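Student: how would this look folded up:
(4 chains)
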There are 2 protein chains.
Amino acid sequence: MFDMSTDPPRKTMSQLRRGTVGYCVMALLGRRERYAVELVRELAAHQALAAGQGTIYPLLSRLRSDGMVATEWKESPSGPPRRYYSLTDKGRASLERFRGEWKQFSDAVDTFMED
Amino acid sequence: MFDMSTDPPRKTMSQLRRGTVGYCVMALLGRRERYAVELVRELAAHQALAAGQGTIYPLLSRLRSDGMVATEWKESPSGPPRRYYSLTDKGRASLERFRGEWKQFSDAVDTFMED
DNA sequence: ACATAGTACCTTGCACAGCAAGGTACCTTG
DNA sequence: CAAGGTACCTTGCTGTGCAAGGTACTATGT
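Tutor: Predicted coordinates for the structure are as follows:
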């Protein structure tokens, strides 16, 4: 059972993340390469975009098969090996395009939300 | 077939709409009551939030069973009767809450996209 | 040498909103 | 009384996010 009074905020935020998490990950990878657990930690820092491993691994897998990111295995200074992800040129182009779509979209929603 | 070069934008935008269309509809209903086809037309005006009847009718049905909106049948000056939707107090509270979540979320995405 | 803990990888099954396409009924007009 | 417009609604599919569960490698303590 949940908070029945209004609307569970968890679910709402989860829906909002749809379609954006991938591009936020790509934005991070555009600066420097990272591995999956690192990405999870950095997303968790911005509360609204917190996404667990169950979201990140399938997401990275999709980005990879779409050619948006490239991967490379590297040994860790302490622990099991890590798979590092970096943004490809195709990924960079896709991200650039998203920036425009995001602005258009968020401006539209802002318009509706302003009373 | 589609544009294979990068990413079909249609699909991206469709994902972005998730979770927001409902609240945009509620925002409209917060000002004055409207019927479904009217809502479809007003959303279509803001291109980024265009949603067809296949989206709107199930959405309104959900909002209704969640107690966010109330409905009332009214005769049309010309044509079949219309079902008018209006925002309930519960809907108003939920919308108010969403405004905060939306700001938090869009600020977070903006942070990632700036660079 | 071996158990324990920590880190990192990944998969499975489900939930649910948006959507295209298809279908019914009412009213007006010629 | 047929044709066209308006308004209602449903069905089946898709894709993404998520919790939960599972494997493997390394370091540490005894």
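Student: what's next to the worst-scoring helix or strand of chain A on mean pLDDT, contact-wise?
Tutor: Of all the helices and strands that make up chain A, the one with the lowest confidence by mean pLDDT, DSSP states H and E is helix A:9-17; it has a mean of 91. Helix A:9-17 is touched from outside by A:Ala48, A:Leu49, A:Ala51, B:Arg18, B:Gly19, B:Thr20, B:Arg97, B:Phe98, B:Glu101, B:Trp102, B:Phe105, with contacts defined as C-beta atoms under 8 Å, 6 or more residues apart in numbering or on different chains. (Glycine included, C-beta is placed from N, CA and C.)
Student: mind giving me the packing neighbours of the lengthiest helix in chain A?
Tutor: Of all the segments of type helix in chain A, defined by DSSP state H, the longest one is helix A:89-113. Packing contacts for helix A:89-113, counted by 3 or more C-beta pairs under 8 Å, 6 or more residues apart in numbering or on different chains; DSSP states H and E, involve helix A:21-31, helix B:9-17, helix B:21-31, helix B:89-113.
Student: same thing but 10 Å
Tutor: Contact analysis of helix A:89-113 by 3 or more C-beta pairs under 10 Å, 6 or more residues apart in numbering or on different chains; DSSP states H and E lists helix A:21-31, strand A:69-74, strand A:82-87, helix B:9-17, helix B:21-31, helix B:36-45, helix B:89-113 as its packing neighbours.
Student: among those, which is nearest B:Leu59?
Tutor: Closest of the helices and strands packed on helix A:89-113 to B:Leu59 is helix B:21-31, at 5.6 Å (criterion: C-beta to C-beta).
Student: need the contact list for the spatially most central residue of chain A.
Tutor: Residue closest to the average C-alpha location in chain A (C-alpha atoms, centre = their mean): A:Val21, at 2.6 Å. Residues near A:Val21 by C-beta atoms under 10 Å, 6 or more residues apart in numbering or on different chains: A:Leu39, A:Leu43, A:Leu49, A:Ala50, A:Ala51, A:Thr55, A:Ile56, A:Leu59, B:Val109, B:Phe112.
Student: related to what we said a few turns ago, and the longest helix of chain A, how far from the chain's centre?
Tutor: Taking C-alpha atoms, centre = their mean, to the nearest Å, one finds the center of helix A:89-113 at 14 Å from the center of the full chain.
Student: returning to what we had before: what subset of the contacts of helix A:9-17 is also close to DNA strand C?
Tutor: Contacts with DNA strand C within these, counted by C-beta under 7 Å from any atom of the strand: B:Arg18, B:Gly19, B:Thr20.
Student: reformat the residues you listed as CSV; add distance to DNA strand D, pLDDT and neighbour count.
Tutor: As requested, these are exported to CSV (distance: C-beta to the nearest atom of the strand, whole Å; pLDDT from 0 to 100; neighbours: other C-beta atoms under 10 Å in any protein chain shown):
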residue, distance to DNA strand D, pLDDT, neighbour count
B:Arg18, 8, 97, 15
B:Gly19, 10, 95, 20
B:Thr20, 13, 98, 25
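Student: I'm done for today, thanks for sticking with me.
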